[in-house]
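1. Here is a sequence together with a model predicted from it:
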Amino acid sequence: MTPQDYALLDALNDWRDTATIERYGIPHLKDYGSTLIMPESVLDRILICAQHSKIQSVEELVKETQWDEARLYGDQ
């Protein structure tokens, strides 16, 4: 992975933590983790797509990841 990939991974992990806290609260983050908001498989897919510049819009995020919450969180 490149430094840019690691930076994106860090940013996505920070965002997942924040989104989990906002939606479910700190106890859920501690008990279940940030995968409540975005599963690891979606995170991995976003990283792969970013390496190939495949996601430029929410619609492309939906198409590439099949993530249930893409339309809700995709513009953040």
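-> Perfect, I can see it now.

2. Just the element for the residue sitting furthest away from the middle of the chain, please.
-> Ranked by distance from the centre of the chain (CA atoms, centre = their mean), the top residue is Pro27, with 20.0 Å. Assigned by DSSP states H and E, Pro27 belongs to helix 26-32.

3. Just list what the next helix or strand after that helix packs against, helices and strands only.
-> With elements assigned by DSSP H and E, the helix or strand that comes after helix 26-32 is helix 40-51. On a contact count with 3 or more CB pairs under 8 Å, 6 or more residues apart in numbering; DSSP states H and E, helix 40-51 meets helix 3-24, helix 58-65. Glycine gets a C-beta too; all of them are placed from N, C-alpha and C.

4. quick one: contacts of helix 40-51?
-> Residues outside helix 40-51 that contact it (CB atoms under 8 Å, 6 or more residues apart in numbering) are Met1, Asp5, Leu8, Leu9, Leu12, Asn13, Arg16, Ile55, Leu61, Glu64, Thr65, Trp67.

5. isn't the fifth one right up against Met38?
-> It stands for Leu12. Yes - with contact defined as CB atoms under 8 Å, Leu12 reaches Met38; the gap is 7.5 Å.
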